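> can't give you the sequence, but here's the structure:
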C-alpha cells in the first residue's frame with residue numbers, strides 16, 4: 001500500500017534531512033518534487049494544489065528556516081498536512097442508533113461489495129460483539145445471493161434466507177423485519193451494482209433507502225480504479241447520499257491516489273480499507289497511521305494489534321511463565337516463527353516498524369525472504385521431541401540427520417541454533433520484567449540497542465537502520481501503553497535471523 005509514493009517521498013526527504021540549514025529555494029525545490037510525486041500517484045490535481053500550498057505556507061516560514069533540524073521539520077509539516085487531508089481522526093461506523101442499525105452497501109459491480117459486507121459483518125460480530133444479519137438484495141448478478149450465504153457460513157454471520165422471486169425493496173423490508181424479530185443489533189443490506197453509474201441503478205438505490213431508512217450508507221470503491229473511484233463517489237453521493245467509504249484492494253495499490261483524494265474531494269470519511277481476500281483482511285482507516293506509513297514512519301499500533309489477534313491470551317500467559325523461568329526451547333522458537341508468518345512475514349512487519357520501512361528492500365536485496373522462515377520451521381520439525389526440548393543434545397551426527405531431513409545444509413542449522421541462543425538470552429531478560437516488560441520491553445528487544453536492526457540482521461551486508469524516528473517511537477510508546485494488559489512475547493521475541501540473509505552460492 002502506497003509503496004511507489006512512499007519510495008518517491010523518501011528520496012525527496014532524504015536529501016532534505018541530510019543537509020544542515022535550508023533556505024526558501026531548497027524548500028520550494030523539494031515541494032516541486034512532492035507535487036510531481038503526488039500527481040504520479042494519481043492524486044487529484046485540485047487536492048495536490050491545495051496540499052502543496054498549505055505545506056509551502058508553513059515550510060517557508062520561521063517554523064522551518066530557524067529550526068534546529070529544518071529537514072525533519074519539513075517532514076513533520078508534510079505529515080501533519082497529510083493527516084489533515086485524510087481526515088484528522090478515524091471515523092468508524094456509527095452504531096449509535098436504535099436496533100437494528102441498518103447499513104446499506106452500495107457501489108459498482110466488481111468493487112467487492114459482497115465480500116466487504118461479510119468482512120464488516122464478521123468484524124462487528126467479533127470486535128464490537130454485535131449480533132449481525134446480512135441480506136443480499138442483488139437479484140441480477142447470477143449467484144450473488146448464494147455468494148453471501150456461503151460467506152455467512154464461512155464467517156459464522158447470519159444471512160437472510162433466500163426467497164426466489166422477491167425484488168430488492170421486498171428483500172430489504174423482510175431483512176429489517178427479520179432483524180427486529182430475531183433481536184439483531186445490525187442488519188447489512190448488500191445491494192446490486194452495475195458496470196457503470198446509470199439511472200436504473202440510482203432509482204433502485206433510492207427506493208431501498210426510502211423503504212429502510214439505513215443509518216449508514218457505505219460506498220464500496222476499488223482503489224485500483226484511481227480517480228475514477230472519486231468520480232463514482234461523487235455520483236453516488238449526489239443521488240443517494242453517502243455516509244462513508246470503504247476502499248477495497250488497497251494492498252495492490254502502490255500509488256494510493258484514490259485514498260488520498262477521496263476524503264478531500266467528497267468530504268466523506270473513509271471508514272475501512274480492504275487489504276486482501278481473507279475475511280479478516282480489513283482495517284479501520286486511521287489517518288495518522290496511514291500518513292506514517294506513507295512517510296516511512298511505520299505503524300507500530302497495527303503491528304501490536306496484529307500480534308494480539310494472532311496470539312491467544314492463554315498462550316501468551318503460558319509463554320510468559322516459561323520465559324520468566326528462563327525456558328526457551330526449539331518448540332518456542334517454532335511458535336515464534338509461525339506467529340511471524342501469521343503477522344505478514346518479515347517484509348510486512350518491517351513496513352510497520354517506525355524508521356524501518358527502507359530496510360525491507362535491503363533485506364530483499366540481501367537475499368532474505370519469507371521462504372527462510374519456512375526453511376527454519378522445517379529444520380525444527382526435522383528434530384525429535386527430545387532434541388526440540390533440549391537443543392544442547394545436537395552434536396555433529398544429529399545435525400547432519402536433521403539438516404538432511406529438512407533438505408538444508410548443516411550451516412543453516414548452525415545459524416538457527418545461534419539464533420535460538422540469542423533469543424533465549426533475550427527472553428530470559430524480558431521474562432524477569434513481567435507482563436509489562438514483555439510488551440513494552442519487547443519492542444526494544446526487537447529493535448536492538450540503539451534503535452537499529454535486530455541483532456545479527458546487519459550481517460547480510462545491510463548495515464544498520466540508521467536509527468528510528470524519535471517522534472514516531474514516542475507516539476508508538478504512548479499508543480502501546482494504551483493497549484492494555486496481556487503480554488506479547490511474540491512481538492518482543494521476533495527472531496534476529498542471524499546470518500540467514502546470506503545468499504546461497
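Yes, it's here. None of these values were measured; they are calculated from a predicted model.

> going forward, measure contacts and count neighbours with C-alpha atoms only.
OK.

> Start from the N-terminal end of the stretch 1-150 of the chain and give the strands.
With strands called from DSSP state E, counting those that start in this stretch, the stretch 1-150 of the chain shows them at 101-106, 132-136.

> okay, now the domains of the chain?
3-86, 101-286, 300-492 (automatic domain parsing).

> now these as JSON lines including mean pLDDT?
Below are the domains of the chain laid out as JSON lines (pLDDT from 0 to 100):
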{"stretch": "domain 3-86", "mean pLDDT": "80"}
{"stretch": "domain 101-286", "mean pLDDT": "90"}
{"stretch": "domain 300-492", "mean pLDDT": "64"}
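
> So which of those is nearest residue 93?
Taking Cα to Cα, domain 101-286 is the member of the domains of the chain nearest to residue 93, at 6.4 Å.

> Just the terminal-to-terminal distance for the closest one.
End-to-end distance for domain 101-286, by Cα to Cα, to the nearest Å: 23 Å.

> Give the buried residues for the strand or helix carrying residue 404.
Take DSSP states H and E as the rule and residue 404 turns out to sit in helix 396-406. Under the neighbour-count criterion of 16 or more other Cα atoms under 10 Å, helix 396-406 has 399, 400, 402, 403, 406 buried.

> Residue 167: which of the residues you listed is nearest?
residue 406 (58.2 Å).

> tell me the contacts of the closest one?
375, 378, 379, 381, 382 (Cα atoms under 8 Å, 6 or more residues apart in numbering).

> what would these look like in CSV with neighbour count, secondary structure and distance to residue 106?
As requested, the contacts of residue 406 are exported to CSV (neighbours: other Cα atoms under 10 Å; DSSP: H, G, I helix; E, B strand; the rest coil; distance: Cα to Cα, whole Å):
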residue, neighbour count, secondary structure, distance to residue 106
375, 17, helix, 45
378, 18, helix, 46
379, 25, helix, 49
381, 17, helix, 48
382, 18, coil, 51
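
> okay, the domains of the chain in CSV with distance to residue 94 next?
Listed next are those as CSV, based on distance: least, Cα to Cα, whole Å:
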stretch, distance to residue 94
domain 3-86, 18
domain 101-286, 7
domain 300-492, 22
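
> Comparing these, which comes out most buried?
domain 101-286 (a mean of 20; mean count of other Cα atoms under 10 Å).

> Contacts only, for the closest residue to residue 33 other than its chain neighbours.
Leaving aside its chain neighbours, residue 33 sits nearest to residue 12 (6.9 Å; criterion: Cα to Cα, 6 or more residues apart in numbering). By Cα under 8 Å, 6+ apart, residue 12 lies in contact with 30, 33, 34.

> any idea how far residue 12 is from residue 34?
For residue 12 relative to residue 34 (Cα to Cα), the value is 7 Å.

> Please apply the same query to residue 335.
43 Å.

> for residue 123, same thing?
36 Å.

> do residue 150 as well
46 Å.

> elements contacting the helix ranked longest in the chain?
In the chain, assigned by DSSP state H, the helix with the most residues is helix 410-431. Judged by 3 or more Cα pairs under 8 Å, 6 or more residues apart in numbering; DSSP states H and E, the packing partners of helix 410-431 are helix 313-324, helix 396-406.

> outside of stretch 385-397, which residues touch it?
329, 330, 331, 380, 417.

> what about 10 Å?
Stretch 385-397 has contacts (Cα atoms under 10 Å, 6 or more residues apart in numbering) with 327-334, 380-384, 398-400, 402, 410, 413-414, 417, 420-421.

> Would you map the helices across the stretch 251-400 of the chain?
257-266, 287-294, 300-310, 313-324, 330-342, 345-350, 357-365, 371-381, 385-389, 396-406 (DSSP state H, counting those that start in this stretch).

> Tell me the spacing between the residue sitting furthest away from the middle of the chain and residue 242.
If you look at how far each residue of the chain sits from its centre, by Cα atoms, centre = their mean, the farthest one is residue 397, at 44.3 Å. As judged by Cα to Cα, residue 397 and residue 242 stand 68 Å apart.

> Residue 157: what's it in contact with?
118-119, 121-126, 131-134, 148-149, 151.

> does residue 140 really touch residue 194, like I thought?
Yes. Between residue 140 and residue 194 a contact is recorded at 9.5 Å, counting by Cα atoms under 10 Å.
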